[in-house]
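K.L.:
Got a predicted model here, sequence first, then my questions.
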Amino acid sequence: MKLGYHIGYWSSGPPEGALDAITTAEELGFDSVWTAEGYGSDAFTPLAWWGSATSRIKLGTNIVQMSARTPTAVGMSAMTLDHLSGGRFVLGLGASGPQVVEGWYGQPYPKPLARTREYVDIVRKVVARKEPVTADGDFFQLPLQGGTGLGKPLKATVHPLREEIPIYLAAEGPKNVALSAEICDGWLPLFFSPKSDAFYRAALEEGFARPGARHTAADFEVAASVPVIVHDDVEEAAGFIKPALALYIGGMGAKSVNFHHDVFARMGYEDVADKVQDLYLAGRKEEAVAAIPTSLVEDTSLIGPAEKIREELAVWEKTVVTTLLLRGDAATLRKVAPVLS
C-alpha cells in the first residue's frame, strides 16, 4: 500500500509548514501529494506553487469541484500543470453537493452522474488534442447552442505532454463509485472503512463490468484519506478527530442531502449520524462531537499505539484501497511513516 500526503483545505490562510511537509513527504518516499478546495483557496494554485519544490512525487487535486470551472478550463489547467511537473499531475474531480454548488457557484445541481460523464469526456478530449473539441450533451454544448452562432470548434494551442492524464473521481454513493470505475483511472473515497469494503468492492466491480470500462481492479487506483495518529491513549487520539467528523456528518450539507452522513448510516451508525446532525444543525456543536463514539473513529482511522496501528493496517491492506492519504505537519509524517512501512 502506497502513502500519499493530503494538504487539505486552507482555513483562514495558508497552512503553516505546508512546503516543509510536502518536501518531507517526497523525501520519505511518498507516492503523491494532494490539494483541496471548498469555497476558499483553490486546488490548482497551491499545487503548482509548492509542487515546484519537488521533482518526483505525483501532484494531485483532491478535489477540483466541477461546478467551479468549465471542463475545457479544467483541461487547460491539467495540461499546464502536467507540463510544469514533467508529467506528474493527477486530476481529481468531484461534483460536490447542492449546498456549495448552488450557494457558492450559483450553478444548478442536476443529475450529477450524467453531468460528470459529460464533463470527464470533454476534459479527455481537450487533453488528447486529436481534433477540435465538440460536445452535444444535455449539460455541455461546444460550440454553444443558441448563442451568436459565431462559435466554432477549437483545439488547444498547447500540445499535451501526455495525451492522457489520470483522472480520479471523488465519490461516496454506490452509483458514483461505479461511475469512477467505468470512466476514470482512480477513486478518491472519503471516510472509507474496511467494514465497508465489500459494499464498495461490489460497486467498483459493477463499473469495471460495463462496456468500455477503462480498467480492471488490478490497475485501478483507490486513494483514501485516512487519519493516522500514533498515540498511547486511543481515546485522546480519537478526540482530535471527532470535531472534524461532527462537522462533516452534521454540517457539510443540508439535513435532507448530506452525502457524508449517508456514508456513516450505511456503515451501521445511522442513529449516531442522525443524532450528530440534529445537534450540529441546532448549534450544539460540542454535544455533536461528544455523541460520536470512539468505535466510529477507529472504523475510519488508524489511531493508537504503533503496534495497534500495525495490526489494523493489515486489515486495510486487504481492502480495495491502494494508497493511504495522510495529513499533518512534517514531524507527524516522519513519526507516522515508519509505523506504516
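P.N.:
Done, it's in. Numbering: from 1, shown residues only.

K.L.:
Which residues does the helix-or-strand element of the chain with minimal mean pLDDT contact?
P.N.:
Among the helices and strands of the chain, helix 259-264 carries the lowest confidence by mean pLDDT, DSSP states H and E, at a mean of 89. Residues from elsewhere that reach helix 259-264 (Cβ atoms under 8 Å, 6 or more residues apart in numbering): 97, 172-173, 190-191, 196, 248-250, 252-253, 270, 272-274, 277, 296. In this view, the C-beta of every residue, glycine as well, is placed from N, C-alpha and C.

K.L.:
Show me which positions of it end up buried.
P.N.:
259, 260, 261, 262, 263, 264 (16 or more other Cβ atoms under 10 Å).

K.L.:
any idea what sits nearest the second one, other than its immediate chain neighbours?
P.N.:
Residue nearest to residue 260 in three dimensions, not counting chain neighbours: residue 248, with 4.2 Å by Cβ to Cβ, 6 or more residues apart in numbering.

K.L.:
where do the helices sit along the stretch 151-300 of the chain?
P.N.:
Counting by DSSP state H, counting those that start in this stretch, the stretch 151-300 of the chain has helices at residues 174-183, 197-208, 234-246, 259-264, 270-281, 285-290, 294-300.

K.L.:
Comparing these by mean pLDDT, which bottoms out?
P.N.:
Comparing mean pLDDT across the helices of the stretch 151-300 of the chain, the weakest is helix 259-264, with a mean of 89.

K.L.:
Does residue 109 touch residue 99 like I think?
P.N.:
No. Residue 109 is beyond contact range of residue 99, at 9.1 Å (criterion: Cβ atoms under 8 Å).

K.L.:
what packs against the helix ranked longest in the chain?
P.N.:
With residue count as the measure and DSSP state H as the assignment, the chain has helix 112-128 as its longest helix. Secondary-structure packing of helix 112-128 (3 or more Cβ pairs under 8 Å, 6 or more residues apart in numbering; DSSP states H and E): helix 71-84, strand 89-94, strand 135-136, strand 167-170, helix 174-183.

K.L.:
residues touching the closest residue to residue 182 other than its chain neighbours, list them.
P.N.:
Using Cβ to Cβ, 6+ apart and skipping the chain neighbours, the partner closest in space to residue 182 is residue 207 (4.0 Å). The neighbours of residue 207, taking Cβ under 8 Å, 6+ apart as the test, are 177, 178, 179, 180, 181, 182, 213.

K.L.:
Could you do residue 189 as well?
P.N.:
Going by Cβ under 8 Å, 6+ apart, residue 189 touches 170, 171, 172, 177, 200, 222, 224, 225, 321.

K.L.:
I'd like to know how far the last one sits from residue 223.
P.N.:
Note on residue 321: its distance to residue 223, by Cβ to Cβ, to the nearest Å, is 8 Å.

K.L.:
which of these two has more neighbours?
P.N.:
More crowded of residue 321 and residue 223, by other Cβ atoms under 10 Å: residue 223, with 28 against 22.

K.L.:
And the pLDDT for residue 254?
P.N.:
Looking at residue 254, the pLDDT reads 74.

K.L.:
from the contacts of residue 189, which would you call buried?
P.N.:
Buried among these (16+ other Cβ under 10 Å): 170, 171, 172, 177, 200, 222, 224, 225, 321.

K.L.:
Quick check: residue 231 vs residue 341, distance?
P.N.:
For residue 231, the distance to residue 341 - Cβ to Cβ - is 18 Å.

K.L.:
Which one of the buried residues of helix 259-264 is nearest to residue 16?
P.N.:
Nearest to residue 16 among those is residue 260, at 26.7 Å by Cβ to Cβ.

K.L.:
about what we covered before: got the helices of the stretch 151-300 of the chain as JSON lines, with distance to residue 331 columns?
P.N.:
Shown next, in JSON lines, are the helices of the stretch 151-300 of the chain (distance: least, Cβ to Cβ, whole Å):
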{"stretch": "helix 174-183", "distance to residue 331": "34"}
{"stretch": "helix 197-208", "distance to residue 331": "31"}
{"stretch": "helix 234-246", "distance to residue 331": "15"}
{"stretch": "helix 259-264", "distance to residue 331": "29"}
{"stretch": "helix 270-281", "distance to residue 331": "31"}
{"stretch": "helix 285-290", "distance to residue 331": "25"}
{"stretch": "helix 294-300", "distance to residue 331": "22"}
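
K.L.:
Quick one: closest of these to residue 337.
P.N.:
Taking Cβ to Cβ, helix 234-246 is the member of these nearest to residue 337, at 17.3 Å.

K.L.:
so which strand or helix has residue 109?
P.N.:
Using DSSP states H and E, residue 109 sits within no helix or strand.

K.L.:
try residue 325
P.N.:
Counting by DSSP H and E, residue 325 is found in strand 323-326.

K.L.:
thinking again about what came up before, any idea which of the helices and strands packed on helix 112-128 is most buried?
P.N.:
Among the helices and strands packed on helix 112-128, ranked by average contacts under mean count of other Cβ atoms under 10 Å, first place goes to strand 89-94 (a mean of 26).

K.L.:
what residues are up against the closest residue to residue 197 other than its chain neighbours?
P.N.:
Spatially, and ignoring its direct neighbours in sequence, residue 197 is nearest to residue 319 (4.3 Å; Cβ to Cβ, 6+ apart). Residue 319 makes contact with 192, 194, 197, 201 under the criterion Cβ under 8 Å, 6+ apart.
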